[in-house]
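Chemist: I would like the atomic coordinates for the input below:
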Amino acid sequence: MSDTPTKAADSSVTYSQYLALDELLAAQKPRSDRHDELLFVIIHQTKELWLKQIIAEVKLAKSLIRAGDVEPAYKALARVSRIQTIMTLSWDVLATMTPADYLSFRGELGTSSGFQSHQFRELEYLLGLKDGAFLSFHAERPEILAELKDALAAPSLYDDALAQLPRHGLALPPEVLERDLSQPYVPSAAVEDAWLAVYRNTAKYWELYQLAEKLVDLDDALLTWRHKHVLTVERIIGRKRGTGGTEGVGYLQKTLERRCFPELWSLRTRL
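Modeler: Predicted coordinates:
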């Protein structure tokens, strides 16, 4: 039992006040009178809220792993995977909107696009998918741009995980541990060998093995989300270009080839 006294409940705080419901429910501002635009707005706003929580969990996991408290990080990573599942299922709700429904208000979006989501870009940077080219989409928002630059230059979740390998007697070369963290991660044979040793002796490296599997869960869930995104977009707009000028489905399909933790996938062939 903790000796810390429990703070008395504030009887003046209501449900709507605590959740700022007046502000939250006033944040949906469709630009047309088309019924389906409200759904489109709510789906995307909800995703941004979940991204906010995911980023908080990933940052917590990173700090714990960096401090050597690997096991407590499992909970945060597991929570991220569960949230990703909810985000993936939300595409099914959006898919109830037909092409005609979407085209009735698509013009109201202007050049706005999910491609411009700074939270999703920050998440990619936190997971190790580094690409400085995306910074240009946020030049008009100095504070956001600064946050993204910090995330780009900082160690990713995978960098923090890799730093734990030498602490367990699994050596990694300087070109892995001392690389330019702002550049895309390049798969390493030495890293694969180290993780392979973990998977071949799970009893000895149980902590690292469980961490690796939590990372694979996260990567798996992200790929599943991307795949469902591709299908939903193709179902609604086919192969049209995206509102932000991207290739649309063509670009999204390319993202399916990305892996945040590549050696954790490639080592399986060698087991």
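
Chemist: host element of the residue nearest the centre of the chain?
Modeler: In the chain, the residue lying closest to the centroid (C-alpha atoms, centre = their mean) is residue 123, at 4.2 Å. Using DSSP states H and E, residue 123 sits within helix 118-127.

Chemist: Low-confidence regions, the stretch 51-200 of the chain specifically.
Modeler: Across the stretch 51-200 of the chain, nothing is flagged by pLDDT under 70.

Chemist: which stretches of it form helices?
Modeler: 70-94, 99-103, 118-127, 142-153, 157-162, 164-167, 174-177, 189-200 (DSSP state H, counting those that start in this stretch).

Chemist: Next, the contact list for the nearest residue to residue 165 once chain neighbours are set aside, please.
Modeler: With sequence-adjacent residues excluded and distances taken as C-beta to C-beta, 6 or more residues apart in numbering, residue 165 is closest to residue 194, at 4.9 Å. Using the backbone N, CA and C atoms, a C-beta is placed for each residue, glycine as well. Listed by C-beta atoms under 8 Å, 6 or more residues apart in numbering, the contact set of residue 194 reads 165, 170, 171, 172.

Chemist: mind running it again at 10 Å?
Modeler: Counting by C-beta atoms under 10 Å, 6 or more residues apart in numbering, residue 194 touches 162, 165-166, 168-172, 176, 188, 205, 208, 263, 267.

Chemist: re earlier: for residue 178, see how far away the residue nearest to the centre of the chain is.
Modeler: 25 Å (C-beta to C-beta, to the nearest Å).

Chemist: same thing with residue 137?
Modeler: 30 Å.

Chemist: the more surrounded of these two?
Modeler: residue 137 (18 against 9; other C-beta atoms under 10 Å).

Chemist: For residue 112, see how far away that one is.
Modeler: Counting by C-beta to C-beta - residue 137 and residue 112 are separated by 11 Å.

Chemist: And residue 226, by the same measure?
Modeler: The value you get for residue 226 to residue 112, if C-beta to C-beta is used, is 20 Å.

Chemist: Also residue 36?
Modeler: 16 Å.

Chemist: and the two? which has more neighbours close in?
Modeler: The neighbour count for residue 36 versus residue 112, taken as other C-beta under 10 Å, is higher for residue 36 (18 against 11).

Chemist: what's near enough to touch the residue nearest to that one when sequence neighbours are not counted?
Modeler: The shortest distance from residue 36 to any non-neighbouring residue, by C-beta to C-beta, 6+ apart, is to residue 101 (4.2 Å). Applying C-beta under 10 Å, 6+ apart to residue 101 gives the contacts 34, 35, 36, 37, 39, 40, 236.

Chemist: So which of those sit within helices?
Modeler: 35, 36, 37, 39, 40, 236 (DSSP state H).

Chemist: Those into TSV, with extra columns for pLDDT?
Modeler: Written out in TSV, the entries for these read as follows (pLDDT from 0 to 100):
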residue	pLDDT
35	96
36	96
37	97
39	97
40	96
236	86
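
Chemist: Give me the buried subset of those residues.
Modeler: Buried residues within these, counting neighbours by 16 or more other C-beta atoms under 10 Å: 36, 37, 39, 40, 236.

Chemist: quick revisit: tell me the one of the ones in helices among the contacts of residue 101 nearest residue 54?
Modeler: Of all the ones in helices among the contacts of residue 101, residue 54 sits closest to residue 40, with 21.3 Å by C-beta to C-beta.

Chemist: residue contacts, the closest one?
Modeler: Residue 40 touches 28, 30, 34, 94, 97, 101, 102, 105, 106, 108, 109, counting by C-beta under 10 Å, 6+ apart.
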